[in-house]
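Chemist: The sequence and its predicted three-dimensional model are supplied below.
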Amino acid sequence: MAPSSSIQLKLTGLMKQEVEKGLVMEKKLGEVFLELIKALKNRRKEIEELEKSTGNPFVEEAVRMLKKVEGRDWESIMRLQIMLTQSDLTIK
């Protein structure tokens, strides 16, 4: 076998490994992304339940803070979605 053929085979093998790693990473990122969305939706339900407890200043302050954090989290998810889109990764 010629040296150039051997190098080509090695390069092809390395490229295949990198593509496979990329696909695994894409799948894992998609799973994490969907879990984040699920967690935020669950948090929204919990905040709504807390809002039903009226009259307690501590609970009202906690709800206010949770809503503020929730807004930041949704912004982070949107930025992550943009990054994934720009890097040609998809959520499946």
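Modeler: Arrived safely.
Chemist: Which helix or strand in this protein has the lowest average pLDDT?
Modeler: Lowest mean confidence among the helices and strands of the chain (mean pLDDT, DSSP states H and E): helix 57-86, at a mean of 83.
Chemist: Give the buried residues for that helix.
Modeler: 63, 66, 84 (16 or more other CB atoms under 10 Å). Any C-beta I mention is one placed from the backbone N, CA and C, and that applies to glycine too.
Chemist: Could you do stretch 40-57 as well?
Modeler: For stretch 40-57, burial by neighbour count (16+ other CB under 10 Å) applies to residue 47.
Chemist: Can you name the residues in contact with it?
Modeler: Applying CB atoms under 8 Å, 6 or more residues apart in numbering, the external contacts of stretch 40-57 come out as 59-60, 62-63, 66-67, 70, 73-74, 77.
Chemist: make it 6 Å
Modeler: The list of residues contacting stretch 40-57 from outside it, by CB atoms under 6 Å, 6 or more residues apart in numbering, reads 59, 63, 66, 73.
Chemist: Of those residues, which pair is most distant in space?
Modeler: Maximum pairwise distance among the contacts of stretch 40-57 (CB to CB): 20.3 Å, between 59 and 73.
Chemist: Now do the lengthiest helix in the chain, average pLDDT.
Modeler: Within the chain, and with DSSP state H defining each element, the longest helix by residue count is helix 3-51. Confidence over helix 3-51 (mean pLDDT, whole number) is 86.
Chemist: so that helix versus helix 57-86, what angle?
Modeler: For helix 3-51 and helix 57-86, the angle between their directions (axes from the mean of the first three to the mean of the last three CA atoms, to 10 degrees) works out to 160 degrees.
Chemist: Can you tell me which of the buried residues of helix 57-86 is closest to residue 29?
Modeler: Checking the buried residues of helix 57-86 against residue 29 with CB to CB, the nearest one is residue 84 at 6.6 Å.
Chemist: how near is the closest one to residue 46?
Modeler: Taking CB to CB, to the nearest Å as the measure, residue 84 and residue 46 are separated by 27 Å.
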